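**Student:** Below: sequence and its predicted model.
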Amino acid sequence: IPAMGFNRQAGYEAARRGFSTATDLADYLVKKGLPFRDAHEVVGAAVAYGIRTGKDLSEMSLEELRQFDARIENDVFDVLTLEGSVAARNHFGGTAPEQVRAAAHRARQRLSALNTL
């Protein structure tokens, strides 16, 4: 759509908020040895706390996060950023930048092939 524009900052802020990294926190806890069912419960408690305090997961301090599980360490902030969350999905169809570029390339090739019909 030629006339369409994007407000990158507003898009970034919208994607960053709303506990969009909750699954990343659960995955992090599973990698630390917590069963997924328990990780889900821990993340639910952290999200409930965030709703009460008006803080997204990435805005909580390490001390705040550790009250939910002692396995949480400073490296948790690598997965709680929007960039870390996006980059973690580096598989076919994933959101990692190289996967998005590859998907866009495939789409351009299909469009080009259609235009030659």
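**Tutor:** Yep, it's here.

**Student:** Residue ranges of each domain in the chain, please.
**Tutor:** 1-80, 86-117 (automatic domain parsing).

**Student:** Quick one: these as CSV, columns for mean neighbour count too.
**Tutor:** From N, CA and C alone the C-beta is placed, and that goes for glycine too. Shown next, in CSV, are the domains of the chain (neighbours: other Cβ atoms under 10 Å):
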stretch, mean neighbour count
domain 1-80, 14
domain 86-117, 11
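
**Student:** could I get those domains as a markdown table with mean pLDDT?
**Tutor:** Output for the domains of the chain, formatted as a markdown table (pLDDT from 0 to 100):
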| stretch | mean pLDDT |
| --- | --- |
| domain 1-80 | 93 |
| domain 86-117 | 84 |
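
**Student:** Please, where are all the helices along the chain?
**Tutor:** Under the criterion DSSP state H, the chain contains helices at 8-16, 22-31, 36-53, 62-66, 76-80, 82-88, 97-115.

**Student:** Tell me which of those helices lies nearest to P2.
**Tutor:** helix 97-115 (15.5 Å; Cβ to Cβ).

**Student:** Please tell me I have it right and K32 contacts R71.
**Tutor:** Yes: if you go by Cβ atoms under 8 Å, K32 and R71 touch, sitting 4.1 Å apart.

**Student:** most centrally placed residue in this protein?
**Tutor:** Centroid-nearest residue in the chain: S85, 3.1 Å away (criterion: Cα atoms, centre = their mean).
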